[in-house]
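Trainee: Please work out how this folds:
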Amino acid sequence: MADKATKAKETKTKAKRTSKAKAAKEAQEVEAVAEETPAVEQPKEEISAQQANPDKFLKEFNWHNYEEGIDPVDDGQLKEFEKLVAENFVDTLDDEVVEGEVIHLTDRDAIIDINAKSEGVISLNEFRYNPDLKVGDKVEVLIDVREDATGQLILSHRKARTIKAWDRVNAAHDEGTVVNGYVKCRTKGGMIVDVFGIEAFLPGSQIDVKPIRDYDIYVGKTMEFKVVKINHEFKNVVVSHKALIEADIEEQKKEIIGQLEKGQVLEGVVKNITSYGVFVDLGGVDGLVHITDLSWSRINHPNEIVELDQKLNVVILDFDEDKTRIQLGLKQLKAHPWDALGEELKVGDQVKGKVVVIADYGAFIEVAEGVEGLIHVSEMSWSTHLRSAQDFVNVGDIVEAQILTLDREERKMSLGIKQLTPDPWTDITTKYPVGSKHSGIVRNFTNFGVFVELEEGIDGLIYISDLSWTKKVKHPSEFTNIGENLDVIVLELDVEGRKLSLGHKQTTENPWDKYSKEFALGSKHTAAIDEMVDKGAIIHFNEDITAFVPKRHLEKEDGTDLKKGEEAEFQIIEFNKEFKKVVASHMSIHKEEEAKIVKQATKKAAKQAEEAKPTLGDANAKLQELKDKMDGKKK
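Mentor: Residues are numbered from 1 along each chain as shown. Below is the predicted model:
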């Protein structure tokens, strides 16, 4: 650097010497010419200020400039000189950003002229973001040091960019201008880009309009970006390369869409595959093929039909010029499978197909490619007790069914499986006559009873009152469980209504027939108080007979009431076989004894009174005795 500065000074000195010699030579030539030139008439000399007024000239003469050897300079020339200095030279103040010009490039450095007494040198590493740097380019530099030990001017482009970076970034964001950036490295979710010396974030979704699979191919590249977001608090900058081409793409889309027509067939490339469809690039504009428009058959995912980068023909179904949306179809390039369905197919025919979808209400069977029929759950079994379709079939099963309805215009078909087996109700009266005993499986509960399956397609209902002779069942789950076997008796049979009424308690004798004699009115039994309730107490004479004791009938002989756990003798005061109601009393036991004692005492007193009372015969005997005495006769 010092050698360069020394050579520059020597060059200037030589230039000055050459100028002086050249001027002297030119002066000699002028004199020679003057001597050879014939004399001409000289113009009249003008009178100077010194000659016109010598006293005033001497008084105003600048003796200082004369002593210092300074020639007087005209004010106009002085102003012009100051103007040239201002335009061509800069104040080399420290930490000041100025504009310089690249005057030379080496393999490692750039020589920058900032109109100072010497040029500055900057390493090309500071221009990595601008690989197209060339001689004549204007660059901003920071005057880091006016002169180092060797007299060299020290400049920095990186520091200048840092100082100006945020101003430029804010201006680029506000004005929407395009900036150049150097992609430094890859990071989570995107890339790190050097923009004006600031590390900005480039999201992966903002690299291109197309999905990017390999981010690494962009590392080390210089690209154009648009500043889309600035967080001044955290000093974060977000840039986008995608935003620069979106506007052009939108214009291209409008132009392309303007040339589209419904039904037009175009060639495209599969750009992206999602769970709901496929995006196809039509050459600058994308269209969507919905999953339902990929195939006449049902598919679970679009990748069953297409793959990325695959070329295919699609038909335009619809488009929206305002929203630049294009709806495409692939299956529409083929004839509808229903149109190819054979005319010989009719209601009642037996078909075979694959279960493709199962719903709560039934299953869809594909009988041909793109042709489906519905098997309702009610058509899967002769049983009137409906269940889920999954109880009968699974997705992927191959099943046989019978065509129940066929509508070619609406393209609908209903199928049935149960029709392939005989209807069990055709000979129901023979297999299940009224009064016959059978065994069935509990299939379902209701609040009013239990459904029991005697065989596939034959269900019967046991009302809750027909479950037990003795137990008071509030809900069927208290008596049995789903899946258990129960013995039943056919009580009623409705062939037209396909209804079967069953009973379980009828399989055994009614114990209340014998209990009506054992627990007759007035009979006495011993039991303990099992439970106290608001209006009395509950006692159990055995497993079947439960009796209620009213509160006033709990009174003991001493006037106190019986309590829980106490054992006593009770008398049946009410027995209803139909409603299975038994009422007992303890009070009547000792009250009856009291009544009996009182009755006996009353009877004895009456007898004694009767014995003491004279009768008519006795009176006659007394009268006769008195008459005899009067007559003087003795008995």
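Trainee: what are the phi and psi values for the closest residue to D423 other than its chain neighbours?
Mentor: If you skip the residues right next to it in sequence, D423 has W382 as its closest partner in space, 6.0 Å away by CB to CB, 6 or more residues apart in numbering. (C-beta placed from N, C-alpha, C; glycine too.) Reported as degrees, to the nearest 10, the phi and psi values for W382 are phi -70, psi -10.
Trainee: so W382 touches T421, yeah?
Mentor: Yes: with contacts defined as CB atoms under 8 Å, W382 counts as touching T421 at a distance of 7.4 Å.
Trainee: Can you list the low-confidence ranges for this structure?
Mentor: Counting by pLDDT under 70, the ranges of the chain that qualify are 1-95, 146-149, 151, 321-324, 384-386, 593-624, 626-627, 629-635.
Trainee: So in terms of bridging, what pairs with the closest residue to V178 other than its chain neighbours?
Mentor: If you skip the residues right next to it in sequence, V178 has E224 as its closest partner in space, 5.1 Å away by CB to CB, 6+ apart. Applying DSSP bridges to E224 yields these beta-bridge partners: N180.
Trainee: Now for E224: which residues touch it?
Mentor: For E224, the set of contacting residues under the criterion of CB atoms under 8 Å, 6 or more residues apart in numbering consists of V178, V179, N180, G181, H241, L244.
Trainee: Tell me which of W382 and T421 has more neighbours.
Mentor: W382 (19 against 11; other CB atoms under 10 Å).
Trainee: residues touching that one, list them.
Mentor: With CB under 8 Å, 6+ apart as the criterion, the residues that contact W382 are K418, T421, D423, P424, W425, E456, G457, I458.
Trainee: do A520 as well
Mentor: With CB under 8 Å, 6+ apart, A520 has these contacts: I572, F575.
Trainee: Can you check the contacts of E224 and name whichever has the most neighbours?
Mentor: Note: the member of the contacts of E224 with the most neighbours is G181, at 25 neighbours, neighbours being other CB under 10 Å.
Trainee: Helices of the stretch 401-550 of the chain, residue ranges please.
Mentor: Shown for the stretch 401-550 of the chain, the helices assigned by DSSP state H, counting those that start in this stretch span residues 428-431, 512-518.
Trainee: Give me the residue at the spatial middle of this protein.
Mentor: S275 (14.1 Å; CA atoms, centre = their mean).
Trainee: where does the nearest residue to that residue once chain neighbours are set aside sit relative to F201, distance-wise?
Mentor: In space, not counting the residues next to it along the chain, S275 is nearest to H301; the distance is 6.4 Å by CB to CB, 6+ apart. In this structure, H301 and F201 are separated by 33 Å, where distance is defined by CB to CB, to the nearest Å.
Trainee: Comparing these two, which shows the higher neighbour count?
Mentor: A direct count of neighbours by other CB under 10 Å for H301 and F201 places F201 higher, at 16 against 12.
Trainee: for the more buried one, which residues make a bridge with it?
Mentor: F201 has these beta-bridge partners by DSSP bridges: I192, V238.
Trainee: In contact with it, which residues?
Mentor: Going by CB under 8 Å, 6+ apart, F201 touches T187, G190, M191, I192, V193, N236, V237, V238, V239.
Trainee: quick one: which of these is nearest G449?
Mentor: Proximity to G449 was ranked across the contacts of F201 by CB to CB; first place goes to G190, at 67.2 Å.
Trainee: Compute the distance between the closest one and L521, please.
Mentor: The spacing between G190 and L521, counted by CB to CB, is 96 Å.
Trainee: Kindly report the same for T560.
Mentor: 27 Å.
Trainee: a markdown table for the helices of the stretch 401-550 of the chain, including mean neighbour count and distance to I589?
Mentor: Output for the helices of the stretch 401-550 of the chain, formatted as a markdown table (neighbours: other CB atoms under 10 Å; distance: least, CB to CB, whole Å):
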| stretch | mean neighbour count | distance to I589 |
| --- | --- | --- |
| helix 428-431 | 13 | 56 |
| helix 512-518 | 14 | 18 |
